[in-house]
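J.: can you look at this prediction? I've put the sequence above it.
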Amino acid sequence: MSERTGRFLVTHADGDAAVLKDVDRGQVHTLADDPGVEAGEVLEGTVVPEPPLEVTYRLEEVDSRRSLTVEESPEPPTVHEREIADEQPPGEVTRVERAGTGELHVLTVPEGRTERTVADVLDDEATLVRAARLGVGRVEVRSDAGVVSVRYLP
């Protein structure tokens, strides 16, 4: 395996080792040591395999580095988000591009599953991967009975 340049989400870092996920290819790279990264950061850079077995990697170069935040907002979904939810059956998701950078996802769920869905979105690594892929720095989750909006914001 050769060096790999890309965008990586730090999924784990504990001072001894770190794990990076390539957000465009899905490949996971375990670093032989922790180069001072934190879980939730997005790195653009290059990883190279460590000889002789080449099963772990070393962070060779970092071109950019940024943090992601994922938070639940006390605000309810907007009128626009509610309108989208009203037009789709439970279990559906609508993705809408935002003007500029980011995306909006509106999920319609059974009313009794709203809180669980919010918790799932907040804890899901895929939320961070999508944020990294979109180039945003913040994910805001809003909810009201039966509606969850996930806002990927700059």
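T.: Perfect, I can see it now. Predicted model, so just to flag it, every value in this text is computed and none were measured.
J.: what's the closest non-adjacent residue to Gly100?
T.: Take Gly100 and drop its neighbours on the chain: the residue closest to it by CB to CB, 6 or more residues apart in numbering is Pro154, 6.8 Å away. Just so you know, the C-beta spots here come from the backbone N, C-alpha and C atoms, and that holds for glycine as well.
J.: what about Met17, neighbour count?
T.: For the record, residue 17 is Ala, not Met. Residues contacting Ala17 under the criterion other CB atoms under 10 Å number 13.
J.: still on that earlier bit, what about the residue nearest to Gly100, distance to Gly102?
T.: 6 Å (CB to CB, to the nearest Å).
J.: nearest to the spatial middle of this protein, which residue is it?
T.: Of all residues in the chain, the one closest to the mean position by CA atoms, centre = their mean is Leu128, 1.0 Å from it.
J.: and that residue, that's in a helix?
T.: Yes. Counting by DSSP: H, G, I helix; E, B strand; the rest coil, Leu128 is part of a helix.
J.: quick one: Lys21 from Val150, how far?
T.: 19 Å.
J.: neighbour count winner among these two?
T.: Counted by other CB under 10 Å, Lys21 and Val150 do not tie: Val150 has more neighbours, with 26 against 20.
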